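1. Test case, fold it:
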Amino acid sequence: MTGTVLLSSTVCEREAWLIAHQIEPDQYNPFIEIGRLIHTESYKNNRIREISLPGIKIDMIYEQGEMVVVGEIKKSSKFLKGARVQLLYYLSEIKKRGVQAVGKILIPKEKKQITVVLDEQSSTELNEAIKKAEEIISLPKPPQRRRSSFCSKCGYQEFCWS
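-> Coordinates of the predicted model:
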């Protein structure tokens, strides 16, 4: 399981399956490139950027007073449900490693910061999302394609609709 698979499972089950099976999207998709640019250019002054652990690629982690903050940078607030589940997964995984933290979804273009806390209710939400994602990725082949408003900007557009 990865945070990206969890995020994708809230938007498109087919995309989640493809990611989980190491089928990469078109890396030259302009929307993927814009996301990559926003990720690399935003919040440059923070001391710690991008940490990788198994199944986790944290965009940034820093201290704010006594609290450790895990930041997840997003291009827009369009996929907040998925971004929240992704961040809950990261908070849960680092908690297992002994680090208590709070999460922030950072949307620089919109100048938004949304705080995410791993508590009992959000842990239940996370467990349900993990169960759903596990069901999707255990399928022998990708779920049927379903056209949605997100397809036109997706890195898998040619894979699904060529």
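2. could you say what helices and strands the lengthiest strand in the chain packs with?
-> Criterion DSSP state E: the longest strand present in the chain is strand 56-64. For strand 56-64, the helices and strands in contact under the criterion 3 or more Cβ pairs under 8 Å, 6 or more residues apart in numbering; DSSP states H and E are helix 3-11, strand 49-53, strand 67-73, helix 80-96, strand 101-107. (C-beta placed from N, C-alpha, C; glycine too.)
3. Check these for me: which has the lowest mean pLDDT.
-> With a mean of 81, strand 49-53 has the lowest mean pLDDT of these.
4. So what touches the worst-scoring helix or strand of the chain on mean pLDDT?
-> Scoring the helices and strands of the chain by mean pLDDT, DSSP states H and E places helix 30-41 at the bottom, with a mean of 76. Contact with helix 30-41 is made by 25-27, 59, 73, 75, 108-109, 153-155, as judged by Cβ atoms under 8 Å, 6 or more residues apart in numbering.
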